[in-house]
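**Q** Below is the structure, and that's it, no one-letter string:
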């Protein structure tokens, strides 16, 4: 089968790789219908992990159809349309039972030396616990597939930022970052009933999506100026901040923009973060909450809204490409001329 | 009047200073009955703030009797027994109304160039909002004064650690630090219904107080060994950690001891903290919450329990001294031969 393989900074290629196959009794093989390139894929693409060996598989966001299943698989059947969160989990450990499947003691991630989402098929361990079957799959349109796809990562992650930051009815929230996760956080905030949603970013086209998603205000300034703008708009800062970037500037902006006693829900993978100013946070009782989003736990709730037409994160997928054009997709995201690429094998 | 004055590292003296007096219409003057030396007073005493000028007044924990009142004071009268939180607040700003009086826009602290708590009397600005009158003051015994005194800071701070860490009925909590605040956090956790309370500290006498206060387990190891001990006791870590020290080792121990998805309630003044390992926290969804305790907001609730005999933090005040012996009290706390000194003018 074909899959995207990492060969080094700015060098990803679509190649022939061994077919995905059932290896354990709890596995299924998913034939991928749609996959994505993630902002976090760009860290390795940009050479941030210089020791990464050549030959690793890529991608952790996909949906598809169950093609084969091990003998212990109960909840899924061949032909089921399924959403995969960006990791797998066993469904039985204490963390899975507590709704924090990202901390599953038997879990793991896609790609690397295993199948990645950016390919024709993926072997999924612990399939019953990991995958979410889409009901009424026969009637699902192409457009609906695109609307469901962001739930595998960015929409669940934006939702996690909001949940962590305590966003609810009437909330006042600032979203730092206008990438796919930030935009999804805006959408999640609107879904949760936030009254004031301030999108902070630097790209006009993306901030248009933010407005479409429910942002009531847009701030394009950076650093201290962004902080001042948010504080001005909200008479001293917002109760909730979603930090959706993962660099030091975003963390500092979040701390500056939040009101005393407020919460920063952070979901930006801290790839380039040196610290959190604990002294500043201490005197102001600012909480830092969040982390990697337990997407598996959120997907059912979000999926119900997508299927009912109440939620549509598909505008973040602004560049659909064939799987064979994945390298072009990486390049476009690296250049920031695409928000997020959707790949179709 | 007499008051403690800071002259430099390890040099505090009881001296004659100008009498406290009403200056603004909302002021009262409190004649101090009992005051404390705080662990945080030791930072300057130990020379951690080398630029601190000589001549500053000290102390921020006191209770006493209203002796004089400005013309706008309504809620208090001469002769009222009052508890002072470790700061003053105006009671009208949005933070005061929201229950975060430590962020009061018109507030401030005791000591420095103003009256400190370690003296015969204190001018209290915004007295109606700042002070809490003790009902039935005429019948208050000396022992009850000692039981009430920790509410001005350490008991409220321990309570804040627990509230921030989400401690409630049936909780499993580790308290890092066996100073007065840590011990009070143990007591607060027991009051809030925690089932498992692990006290982490290094002083046998203090850990005896922890056990008296409701600690179910005691860990005397340090660093990685303390983390391992807590994780062993709790099958992988506690849901809630109270960080009651404020140095890097305590922050690291807190992060190591907390279960994935758990909360660190931190109240140790971060005087010697270089950072919080955001990467470790991210993957594990650990929240960092807390800060300076809004004692004014907690005192009424805690006071009701003290007056009813349901709560007694007085064992943390293990060394009562006359105000004139304050320098000896600082020395004893610096040497750690006293947990906390109570001064009587």
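**A** Yes, it's here. Just so we're clear, the structure is a prediction, and the values are computed from it rather than from any experiment.

**Q** Surely residue A:172 is in contact with residue A:235?
**A** No: at 9.5 Å, residue A:172 does not count as touching residue A:235 under the criterion of Cβ atoms under 8 Å. All C-beta spots, glycine's among them, are computed from the backbone N, C-alpha and C.

**Q** quick one: which of these two has more around it?
**A** Neighbour comparison, residue A:172 and residue A:235: the larger count goes to residue A:172, with 23 against 10 (by other Cβ atoms under 10 Å in any protein chain shown).

**Q** Nearest residue to the more buried one in space, ignoring adjacent ones along the chain?
**A** Nearest non-adjacent residue to residue A:172, counting by Cβ to Cβ, 6 or more residues apart in numbering or on different chains: residue A:196, 4.2 Å away.

**Q** pretty sure the one you found is touching residue A:234, no?
**A** Yes: counting by Cβ under 8 Å, residue A:196 does reach residue A:234; the two are 6.8 Å apart.

**Q** Now the common contact residues for these two.
**A** Common contacts of residue A:196 and residue A:234 (Cβ atoms under 8 Å, 6 or more residues apart in numbering or on different chains): residue A:172.

**Q** Who are the contact partners of the residue in the stretch 1-150 of chain A that chain B sits nearest to?
**A** Closest to chain B within the stretch 1-150 of chain A is residue A:103: 3.8 Å, counting by Cβ to the nearest Cβ. Contacts here follow Cβ under 8 Å, 6+ apart; on that basis residue A:103 touches A:95, B:260, B:261, B:284, B:285.

**Q** Could you rerun that using 10 Å?
**A** The neighbourhood of residue A:103, defined by Cβ atoms under 10 Å, 6 or more residues apart in numbering or on different chains, consists of A:89, A:93-96, A:291-292, A:294, B:236, B:259-261, B:283-285.

**Q** Could you do residue A:235 as well?
**A** A:172, A:259, B:94.

**Q** Restricted to strands, list those residues.
**A** A:172, A:259 (DSSP state E).

**Q** need the contacts of residue A:235 in a markdown table with distance to residue B:74, can you?
**A** Output for these, formatted as a markdown table (distance: Cβ to Cβ, whole Å):
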| residue | distance to residue B:74 |
| --- | --- |
| A:172 | 33 |
| A:259 | 30 |
| B:94 | 21 |
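
**Q** on that earlier part again, now for residue A:172 and residue A:235: what residues contact both?
**A** The contact lists of residue A:172 and residue A:235 share residue A:259, where a contact means Cβ under 10 Å, 6+ apart.

**Q** Residue A:255 contacts residue A:283, correct?
**A** No: counting by Cβ atoms under 10 Å, residue A:255 sits too far from residue A:283 to count as a contact (11.7 Å).

**Q** Show me which of the two is the more surrounded one.
**A** Per other Cβ under 10 Å, whichever of residue A:255 and residue A:283 has more neighbours is residue A:255, with 22 against 14.

**Q** ok, now which ones touch the more buried one?
**A** A:227, A:237, A:241, A:243, A:262, A:264, A:276-278, A:280-281, A:284, A:286, A:288.

**Q** Most neighbours among those residues, which one?
**A** Going by other Cβ under 10 Å, residue A:241 tops the contacts of residue A:255 with 35 neighbours.

**Q** Tell me the helix or strand right after whichever strand or helix holds it.
**A** Using DSSP states H and E, residue A:241 maps to strand A:238-243. For strand A:238-243, the following helix or strand on the C-terminal side (DSSP H and E) is helix A:248-257.

**Q** Next, the angle from that following helix to strand A:238-243.
**A** 170 degrees (axes from the mean of the first three to the mean of the last three Cα atoms, to 10 degrees).

**Q** just to revisit the earlier point, what lines up beside the strand holding residue A:241 in the sheet?
**A** strand A:172-176 (parallel), strand A:258-266 (parallel) (DSSP bridges).

**Q** Turn these into a markdown table, columns for mean pLDDT.
**A** What follows is the strands paired with strand A:238-243, written out as a markdown table (pLDDT from 0 to 100):
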| stretch | mean pLDDT |
| --- | --- |
| strand A:172-176 | 98 |
| strand A:258-266 | 98 |
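
**Q** what's the spatially most distant residue from the centre of chain A in contact with, if anything?
**A** Taking Cα atoms, centre = their mean, the residue of chain A most remote from its mean C-alpha position is residue A:283, at 32.4 Å. Contacts for residue A:283 (Cβ under 10 Å, 6+ apart) come out as A:260, B:102, B:103, B:269, B:270, B:291, B:292.

**Q** again, 6 Å this time
**A** Residue A:283 is in contact with residue B:292, counting by Cβ atoms under 6 Å, 6 or more residues apart in numbering or on different chains.

**Q** Mind telling me what element it is part of?
**A** Using DSSP H and E, residue A:283 falls in helix A:278-284.

**Q** Quick one: mean pLDDT for that helix?
**A** For helix A:278-284, mean pLDDT rounds to 92.

**Q** thinking again about what came up before, now, of the contacts of residue A:103, which are buried?
**A** Buried residues within the contacts of residue A:103, defined by neighbour count using 16 or more other Cβ atoms under 10 Å in any protein chain shown: A:89, A:93, A:95, A:96, A:291, A:292, A:294, B:259, B:260, B:261, B:284, B:285.

**Q** hang on, the fourth one packs against residue A:105?
**A** Just to be clear, that refers to residue A:96. No: the pair residue A:96 and residue A:105 fails to qualify as a contact (Cβ atoms under 6 Å) at a distance of 8.5 Å.

**Q** Quick check: phi and psi on residue A:86?
**A** phi -80, psi 20 (degrees, to the nearest 10).

**Q** Show me what from chain A comes close to chain B.
**A** A:100, A:103, A:260-261, A:270, A:273, A:275-276, A:278-279, A:282-283, A:285, A:287-289, A:291-292 (Cβ under 6 Å from any Cβ of the partner chain).

**Q** ok, the residue nearest to residue A:172 touching residue A:214?
**A** No: Residue A:196 is beyond contact range of residue A:214, at 10.5 Å (criterion: Cβ under 6 Å).

**Q** Look at these two and report which has more neighbours.
**A** When residue A:196 and residue A:214 are compared for neighbours, residue A:196 comes out ahead with 18 against 15, by other Cβ under 10 Å.
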